[in-house]
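[1] Would you be able to build a 3D model of this:
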Amino acid sequence: MATKIRLQRHGKKGKPFYYIVVADSRAPRDGRFIERLGSYNPNTNPATIDLNFDQAVKWVTSGATPTDTAKAILSYKGVLYKKHLNGGVTKGALTQEQADAKFAEWLQSKEGKIEAKKAGLVSKKEETKKAALVEEAKKREAIEAAIAAKNAPVEEAAPEEEAASEDVAVEASAEETETPSAE
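    Numbering: from 1, shown residues only. Next up is the predicted model:
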């Protein structure tokens, strides 16, 4: 029987949630499966992957072919690298201790990258929040200034405005008389 490691879709419209399953290749996508290996939630950042590592290695080693997306997930979690190292141990190129040490080193570097990404996302979120607060403070100050200008005493500003408007009217009429003569 040809087996595949693939994703089985769950969740509501627009919010997918997947089970990582081993199924007969002839079974429908969301149909019957042999074993559930874990889950994959792409809605979070970074995506949440819960995987039974030992069972996944067992199925990949026994010949189950992963789909493209499942292969990317298994590679991300290190299942395919573990299979590769176990192949080296079987051929005699490595000892089991060397393979375990290489895998532990890879796993540690991978976790470091994931933690760095999470820290970067948190710091970016905090920076965005600070920038939004600064923008909000600027808008609030502008509104307060507009309200203060509106509530300012009108009598003091009125004579100045009348004098300024008379000057503008005189200049405008002078410009109008100059324009026709220029033509």
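
[2] Which residue comes closest to the residue sitting nearest the centre point of the chain once chain neighbours are left out?
    Among the residues of the chain, the one closest to the centroid is residue 45, at 5.1 Å (Cα atoms, centre = their mean). Distances taken as Cβ to Cβ, 6 or more residues apart in numbering place residue 121 nearest to residue 45, at 6.3 Å, with adjacent residues excluded. In this view, the C-beta of every residue, glycine as well, is placed from N, C-alpha and C.

[3] gap between the one you found and residue 130?
    Plainly put, residue 121 is 15 Å away from residue 130 if you go by Cβ to Cβ, to the nearest Å.

[4] where does the residue nearest to the centre of the chain land in three-state SS?
    coil (DSSP: H, G, I helix; E, B strand; the rest coil).

[5] Quick check: phi and psi on it?
    Note on residue 45: backbone dihedrals following degrees, to the nearest 10 are phi -130, psi 110.

[6] and the longest helix anywhere in the chain, what does it pack onto?
    Counting residues, the longest helix found in the chain (DSSP state H) is helix 96-150. On a contact count with 3 or more Cβ pairs under 8 Å, 6 or more residues apart in numbering; DSSP states H and E, helix 96-150 meets helix 79-91.

[7] give me that answer again for 10 Å
    Packed against helix 96-150 by the contact rule (3 or more Cβ pairs under 10 Å, 6 or more residues apart in numbering; DSSP states H and E) you find helix 68-77, helix 79-91.

[8] what's the spacing between it and its chain's center?
    11 Å (Cα atoms, centre = their mean, to the nearest Å).

[9] Run the angle between it and helix 68-77 for me.
    Taking axes from the mean of the first three to the mean of the last three Cα atoms, to 10 degrees, one finds helix 96-150 and helix 68-77 inclined to each other by 100 degrees.

[10] Average pLDDT for helix 96-150, rounded please.
    Averaged across helix 96-150, the pLDDT comes to 90.

[11] Also stretch 32-46?
    Regarding stretch 32-46, the rounded mean pLDDT is 91.
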